[in-house]
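[1] quick one, structure for this:
(one chain, ligands or ions: 1)
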Amino acid sequence: MLMDTFNDKWRELQQHSVEVESSHLRDLFASDPKRAESLSLSACGLNLDYSKNRITAKTRTLLMDLAQSAQLAEKRDAMFAGAPINNTENRSVLHTALRQQDSKPVLVDGVDIMPQIKAVRLKVEAVVNQVRDQQWLGYSGKCITDVLNLGIGGSFLGPKIVTTSLKPYVQGGPKQHFVANIDGNHLHDVLTNLNPETTLVLIASKSFNTQETLTNAESTRQWFYDYGVTFEQLNRHFIAISSNVSKAVAFGISGDNVFPMWDWVGGRYSLWSAIGMPIAMAIGNQGFTELLKGAADLDQHFKEAPFEQNLPVLMGMLGVWNHNFFGCQTHALLPYSHYLRGFPAYVQQMDMESNGKSCQLNNEIVSSTTGPVIWGAEGTNGQHAFHQLLHQGTSVVPVDFIQPLVAEHNMNGHQDMLVANCFAQSKTLMQGKTHQQAYDELVASGMEEALAKVIAKHKAMPGNRPSNTLTFDRLTPYQLGTLIALYEHKVFVQGVIWNLNSFDQWGVELGKILGDDILSRIGQPNSTERSDSSTELLLAQYRDANKSLT
Ligand SMILES: O=P(O)(O)OC[C@H]1O[C@](O)(CO)[C@@H](O)[C@@H]1O
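    Numbering: from 1, shown residues only. All right, here's what the predicted structure looks like:
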């Protein structure tokens, strides 16, 4: 990082934000009829309209200068080249190699990882074909009708949201079920509707050490035993995807059924690996290949496009602009697509586990704020829930509207209305309504002037609220691949600006350790060990409630 230049650019942006603050978005649009043309771009089938951000052409230049001074290009190239940029774990970060379309060597510690990637992909394809072609038989000779996927976090969200998003492409394979939570209600409910003779279980856990996944796996194994299935027969019903192959084998899964992943793939970036097997089982190998191709094309775009025409760079830097220079603490993703309803939760993990950090790569505590809270839900449902706050609340929430343009159904009129709502929301956020406009409307409707003055205060909307609109023709496997890779690289860009290691997640560890401590105390009310008084109170309530239930 060129620290002095970076600080100079940061200060320039601070000064510039004061200038920008004085203009309202509706005036910027009124004064430049070509604003959307100059502040939008298309690549890999994605169209980004970022004109409804509080920016001018100068802002874009300054933001790109800031990115240059943070050595974004150098850091991006280092990631793609396999440098150990995950410095606290001394690991490379190479989810991009998993979708690379050619066999050009990618080296980790001097070893080309492409042959391993290819070998595992072929093995995945073979199993997927066997299951989909009904050649993989369960212990009693029946074919597989259901796949139970056990995993959590990155070993769950990717496969789950991709299969949900690509529902129109889900055909011919077994039904997919996903259970992540330790809450036994979920596993219980799912198992109740499954038949062990025809169920295949995929245990997805990079570490094979995660409480939720292992407990769900053990309970599922017991479910098979309860039906009289033997240990040897389980081989027809359990597959693991893990970098801890020996632990998966110790669990009772035959080595042949363990699909390796590698420490250079982060959990939240792992759907491109064998972790994506449920996706391939659901949409077929061809569809999974197209998903990878979409992501690979976006990788290429990220590597090659000049910053000002680079989707992830622009989205990342606009996020920095809104977050650090306008104090927007949260960022909403609003897909106007039922199939993309899980996408905000997916990006939430990817973004918040990557950039929700305070210690920088240089081991200093960061002086600016980092990772915004990512949240959101599908439109138009959100309009009848939280959009009130987006329009008139005291927090300004930048929004990414995501809109597939072509419907996957033929329900008359629905798509026009969906799209109209999406475009209207970004327009409303941008232009708002002045007190005068509200007042005039009320008086025109016959309201008495004094009352109109008061009510107009409640009806006025500030506008000037930033949003991006991302559109694309259809939500195909290819396009979804581009969309996911776009957000992955956006997160990378922001991590570079905040000088973070976006690829570790130490913040989740303490909770796991304390969870184990508390678990061990549940059955020991007489232990002399004492926790804080709140934890003791809660434990006592838990023990009491369960005593009275038994
Ligand atoms: O795949 P694993 O090792 O079971 O981990 C599951 C998830 O848990 C986390 O480590 C954090 O809780 C995530 O990063 C990861 O995706």
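[2] distance of whichever residue of the stretch 251-400 of the chain sits closest to the ligand from residue 58?
    Relative to the ligand, the nearest point of the stretch 251-400 of the chain is residue 267 (2.6 Å; C-beta to the nearest ligand atom). C-betas here are computed from N, CA, C, even on glycine. Noted for residue 267: a distance of 40 Å to residue 58, by C-beta to C-beta, to the nearest Å.
[3] the residue of the stretch 251-400 of the chain closest to the ligand - nearest residue in space that isn't next to it in sequence?
    residue 154 (3.0 Å; C-beta to C-beta, 6 or more residues apart in numbering).
[4] neighbours around that neighbour, how many?
    When neighbours are defined as other C-beta atoms under 10 Å, residue 154 has 23 of them.
[5] with residue 446 instead?
    Using other C-beta under 10 Å: residue 446 sits among 7 other residues.
[6] that one: what secondary structure?
    Three-state assignment for residue 446 (DSSP: H, G, I helix; E, B strand; the rest coil): coil.
[7] give me the residues contacting the helix-or-strand element of the chain with minimal mean pLDDT.
    Least confident helix or strand of the chain, by mean pLDDT, DSSP states H and E, is helix 533-549 with a mean of 91. Identification of contacts with helix 533-549 by C-beta atoms under 8 Å, 6 or more residues apart in numbering yields 518, 521-522, 525, 530-531.
[8] mind listing what residue 80 touches?
    Neighbours of residue 80 in contact, by C-beta under 8 Å, 6+ apart: 96, 299, 303.
[9] may I have the phi/psi pair for it?
    Note on residue 80: backbone dihedrals following degrees, to the nearest 10 are phi -60, psi -30.
[10] give me the pLDDT value at it.
    Residue 80 carries a pLDDT value of 98.
[11] begin at 754 from here
    Sure thing, new numbering starts at 754, so read that last one as residue 833.
[12] buried set for the longest helix along the chain?
    Counting residues, the longest helix found in the chain (DSSP state H) is helix 1030-1057. Within helix 1030-1057, the residues scored as buried using 16 or more other C-beta atoms under 10 Å are 1030-1038, 1040-1055.
[13] quick one, strands of the stretch 1104-1253 of the chain?
    1126-1129, 1152-1157, 1220-1225 (DSSP state E, counting those that start in this stretch).
[14] need the ones you listed in a markdown table (columns: mean neighbour count, mean pLDDT and distance to residue 801).
    Output for the strands of the stretch 1104-1253 of the chain, formatted as a markdown table (neighbours: other C-beta atoms under 10 Å; pLDDT from 0 to 100; distance: least, C-beta to C-beta, whole Å):
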| stretch | mean neighbour count | mean pLDDT | distance to residue 801 |
| --- | --- | --- | --- |
| strand 1126-1129 | 20 | 98 | 17 |
| strand 1152-1157 | 24 | 98 | 9 |
| strand 1220-1225 | 23 | 98 | 6 |
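[15] and the contacts of residue 833 as JSON lines, adding pLDDT?
    JSON lines is the format used below for the contacts of residue 833 (pLDDT from 0 to 100):
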{"residue": "849", "pLDDT": "98"}
{"residue": "1052", "pLDDT": "98"}
{"residue": "1056", "pLDDT": "98"}
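[16] follow-up on the earlier one: gap between the residue nearest to residue 1020 and the ligand?
    3 Å (C-beta to the nearest ligand atom, to the nearest Å).
[17] circling back: dihedrals phi and psi, the residue of the stretch 1004-1153 of the chain closest to the ligand?
    Dihedral angles for residue 1020 - degrees, to the nearest 10 - are phi -50, psi -40.
[18] can you tell me how far it sits from residue 1121?
    27 Å.
[19] show me where the stretch 804-953 of the chain has helices.
    With DSSP state H, counting those that start in this stretch as the criterion, the stretch 804-953 of the chain has helices at 810-822, 825-834, 867-885, 910-918, 937-945.
[20] residue 1072: which of those helices is closest?
    Within those, the stretch nearest residue 1072 is helix 810-822; the backing value is 10.2 Å (C-beta to C-beta).
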